[in-house]
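>>> generate coordinates for the sequence data below:
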Amino acid sequence: MSYYFLALNYRDVLRVKDLDVPIKELFPITFAIQFLNQALPSAGISGQAFFIQYLKKFGLPIAEGIGRAILELATLYMGFGTFFIISAVMIFKGNALDNRPEILFLIYGFSFLAVISLSIFFMLQKKGRGKIARWIISKLHAYFEKKHKKKAKNGENNLNNGQPNDHITHVAMIYEQFKSSLSVGVLKGHIRAFWLAYLWQNLIMLANIFTLYFLSFAIGFEISFLVAFITFTLTKFVSMVSFIPGALGVFEGGMTLILISFGVPAQPAFAMTLLLRAFTFWLPMP
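Next up, the predicted model:
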């Protein structure tokens, strides 16, 4: 079901971009995107790049495709943020920090990233480019220009026949897509599609949590739904901030350790983790 919910998320995010693509086109693509994201060391960029190219067949320009990816990530982070806040409330109400003080560091980390994300969102609502945006664009342009000169000095071939690449237009285009896609005015005009896209991200998380919960019954060491909820949410956070492709090893190690911290013996904890990975990724792929 999580892949179907993901296809629904793609559909409604595209509707924010005034493009209506049927589910029968999007559902098979979700598997290709997830496989590329997990298999290639690109921090999820490989799957998004594939999807952006795929959407060109429906007439969506690359710039708008990047905007669609931004909206998808926005709904993902909003959905995850909702679950993390609920988990934090559960942790504090259940006094879980008394025995697991290390969880507090994850809450601090989430709070820090949430403040940065909200600051960027409000910064993007300003008309024109602010000082920070201009500074970032100029620094990135200087970096790419320096990189180009270094390549030219080493005698490497260039597609532009030795002329410097105009990377500042690329960086500016991505910034403008952030600004236009996350504009409150734009989102208000497609409010139903945006909130539906956010809903599907929540249901994806919920489907994975239920999978972990029912796996505990199959293993023979039952955990409560609350433990499954907190465990998956904290593991998801650790894997999202990981730089390892597909969070391979980080996801498995993190979930096993969190389950152990809730009193699950090591063997069933590791079995639940591997089976969850199998049911949510490896088994659907064929």
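
>>> pull the number of nearby residues for residue 112.
Residues contacting residue 112 under the criterion other CB atoms under 10 Å number 10. In this view, the C-beta of every residue, glycine as well, is placed from N, C-alpha and C.

>>> okay, it: pLDDT?
Reading off the confidence values, residue 112 has pLDDT 90.

>>> ok, now residue 283?
Residue 283 carries a pLDDT value of 84.

>>> got it, and residue 24?
Residue 24 is given a pLDDT of 92.

>>> how about residue 193?
For residue 193, pLDDT reads 94.

>>> which non-adjacent residue is nearest it?
Nearest non-adjacent residue to residue 193, counting by CB to CB, 6 or more residues apart in numbering: residue 15, 3.9 Å away.

>>> now for that neighbour, how many residues are close by?
Neighbour number of residue 15 under other CB under 10 Å is 17.

>>> which element is it on?
helix 2-16 (DSSP states H and E).

>>> ok and the helix or strand following that helix relative to helix 2-16, angle-wise?
Tracing the chain past helix 2-16, the next element assigned as helix or strand by DSSP H and E is helix 23-39. Relative orientation of helix 23-39 and helix 2-16, computed by axes from the mean of the first three to the mean of the last three CA atoms, to 10 degrees: 110 degrees.

>>> the helices in the stretch 151-286 of the chain, which residues?
Ranges of helices in the stretch 151-286 of the chain, per DSSP state H, counting those that start in this stretch, are 167-181, 184-189, 191-219, 225-240, 250-261, 266-277.

>>> show me the one of the ones you listed that comes nearest residue 30.
helix 191-219 (10.4 Å; CB to CB).

>>> what's the angle from the closest one to helix 2-16?
Going by the same axes, to 10 degrees, helix 191-219 makes 170 degrees with helix 2-16.

>>> how far does helix 191-219 sit from the chain's center?
14 Å (CA atoms, centre = their mean, to the nearest Å).

>>> just checking, what packs against it?
helix 2-16, helix 62-93, helix 225-240, helix 266-277 (3 or more CB pairs under 8 Å, 6 or more residues apart in numbering; DSSP states H and E).

>>> centre of the chain to the first one, how far?
Read that as helix 2-16. The mean C-alpha position of helix 2-16 is separated from the chain mean by 14 Å, CA atoms, centre = their mean.

>>> hey, C-alpha coordinates of that helix in CSV?
Output of helix 2-16 as CSV, limited to C-alpha atoms (Å, rounded to 0.1, in the frame of the first residue of the first chain):
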residue,chain,number,x,y,z
SER,A,2,2.9,2.4,0.7
TYR,A,3,3.8,2.4,-3.0
TYR,A,4,0.3,3.2,-4.0
PHE,A,5,0.1,6.0,-1.4
LEU,A,6,3.4,7.3,-2.9
ALA,A,7,1.8,7.3,-6.4
LEU,A,8,-1.1,9.3,-5.0
ASN,A,9,1.4,11.8,-3.5
TYR,A,10,3.0,12.2,-6.9
ARG,A,11,-0.4,12.7,-8.5
ASP,A,12,-1.4,15.5,-6.2
VAL,A,13,2.0,17.2,-6.1
LEU,A,14,1.8,17.3,-9.9
ARG,A,15,-1.7,18.8,-9.7
VAL,A,16,-0.1,21.7,-7.7
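
>>> which other residues reach it?
Residues from elsewhere that reach helix 2-16 (CB atoms under 8 Å, 6 or more residues apart in numbering): 20-23, 26-27, 29-31, 34, 51, 55, 60, 68, 71-72, 75, 181, 186-187, 190, 193-194, 196-197, 200-201, 203-204, 207-208, 280, 284.
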